[in-house]
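> coordinates for the following, if possible.
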Amino acid sequence: MILRQSRVLLLGLLLLCLSTARVSASTGDKLLEFQNCVEICRQENCQNGKSATPIPLLHKLLLWDCTAECDYTCQHIITDRRVAAGEDIVQFHGKWPFYRFLGMQEPFSVFFSLLNFLAHQNGLSKLTENIPATYPLRKYYIMFSYFGMASWVFSMIFHTRDFAATEQMDYFAAGASILYGFYYSPIRIFRMDHGGKRAKSVLRAWTGLCIGMYAAHVTYLKWYAWDYTYNMTANVVIGVLQNSLWTWFSIRNYLKSGRLWTTWPGLVFAWIMLAMSFELLDFPPSWGCLDAHSLWHLGTVGPTMIWYNFLLKDAQDDMAGTRLKA
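Take a look at the predicted model:
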């Protein structure tokens with residue numbers, strides 16, 4: 001059932017993102033020399049739908065056409081000229097002029113996204129192998145893994161090729177993953193999975209509220225305004241709320257038990273908040289491919305691995321306590 005739900009989620013995100021075009025502009029786009037370079041390249045190489053320079057098969061599979069090749073080439077021609085003249089490197093289409101690898105526009109972001117995906121996949125294996133199916137929180141943790149893996153798959157797709165559809169899939173999947181993390185946190189912290197009819201009613205209301213929040217979030221971005229500032233603000237607010245819950249949980253449990261592993265949630269979220277600072281340090285990519293955004297992706301791999309170890313340790317401790325009480 002969980003696997004089926006995750007497939008529905010992936011298909012739904014894909015279908016949701018196919019219809020909206022995106023218009024973006026940066027300083028580099030507005031440079032007259034860049035526009036002239038692209039136009040000349042297109043006239044000389046892209047007339048009648050043919051390119052004078054053959055496009056490698058891998059690039060074709062990743063939807064690099066003649067016009068896109070001209071755009072990519074001119075970005076680096078203009079960047080090289082600006083560097084030689086001692087001028088600042090500028091962005092084109094909202095991105096730095098990266099050197100692609102195997103057709104990937106942002107190779108380090110793709111690779112670090114893959115590491116995050118593998119961290120979730122490894123965590124899922126730990127959960128399924130070591131937590132029995134009878135444990136009530138197991139299903140929530142497994143869904144957390146699927147949401148995490150889905151978000152990093154779409155991140156890899158987006159950073160491989162930046163289109164309007166791939167950008168939307170990345171944003172919507174990331175938002176779903178962040179909101180799901182916020183959703184299951186109070187279920188564990190306040191044990192909303194326990195109790196009678198009243199507790200079940202509270203859980204249903206909480207589930208409905210979170211679904212409604214996500215639907216409203218997507219509706220606003222998709223059909224009202226594709227607002228980058230709003231999207232970032234919404235995700236940060238949800239992340240801070242989740243961070244606050246788990247930090248309180250860590251402090252309370254450590255003071256109560258004195259066990260060091262109970263502080264791991266606080267450590268994880270402090271690490272993530274520190275890694276997020278890279279997003280505020282936007283700088284031209286080193287060696288043409290390693291930028292602040294890719295380092296932010298790298299910075300989330302370690303906390304993810306620690307987090308799954310905590311979930312496993314916490315579940316085992318919870319089950320041991322239940323057996324002792326019985």
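
> only C-alpha atoms for contact and neighbour calcs from this point on.
Noted.

> and residue 247, how close does it get to residue 137?
Computed with C-alpha to C-alpha, to the nearest Å, the distance linking residue 247 and residue 137 is 20 Å.

> next one: residue 183
13 Å.

> now do the helix or strand where residue 210 lies, average pLDDT.
Using DSSP states H and E, residue 210 sits in helix 197-219. Average pLDDT, helix 197-219: 92.

> show me what contacts residue 203?
By C-alpha atoms under 8 Å, 6 or more residues apart in numbering, the contact set of residue 203 is 187, 192-193.

> quick one: these as JSON lines, columns for secondary structure, distance to residue 178 and pLDDT too.
Formatted as JSON lines, these follow (DSSP: H, G, I helix; E, B strand; the rest coil; distance: C-alpha to C-alpha, whole Å; pLDDT from 0 to 100):
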{"residue": "187", "secondary structure": "helix", "distance to residue 178": "15", "pLDDT": "94"}
{"residue": "192", "secondary structure": "coil", "distance to residue 178": "19", "pLDDT": "87"}
{"residue": "193", "secondary structure": "coil", "distance to residue 178": "20", "pLDDT": "82"}
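
> any of the residues you listed buried? List them.
187, 192 (16 or more other C-alpha atoms under 10 Å).

> so which of the contacts of residue 203 comes closest to residue 133?
residue 193 (14.6 Å; C-alpha to C-alpha).

> surely the closest one and residue 138 touch.
No. Look at residue 193 against residue 138 with C-alpha atoms under 8 Å: they stay out of range, at 10.9 Å.

> from the chain's centre, how far out does stretch 192-201 sit?
32 Å (C-alpha atoms, centre = their mean, to the nearest Å).

> one more: stretch 256-268?
Worked out by C-alpha atoms, centre = their mean, stretch 256-268 lies 26 Å from the chain centre.

> quick one: buried residues of it?
262-268.

> and stretch 150-170, by the same measure?
150-162, 164-170.

> mind putting the contacts of residue 203 in JSON lines, distance to residue 299 included?
Output for these, formatted as JSON lines (distance: C-alpha to C-alpha, whole Å):
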{"residue": "187", "distance to residue 299": "27"}
{"residue": "192", "distance to residue 299": "31"}
{"residue": "193", "distance to residue 299": "32"}
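
> from the contacts of residue 203, pick the one nearest residue 38.
residue 187 (54.1 Å).
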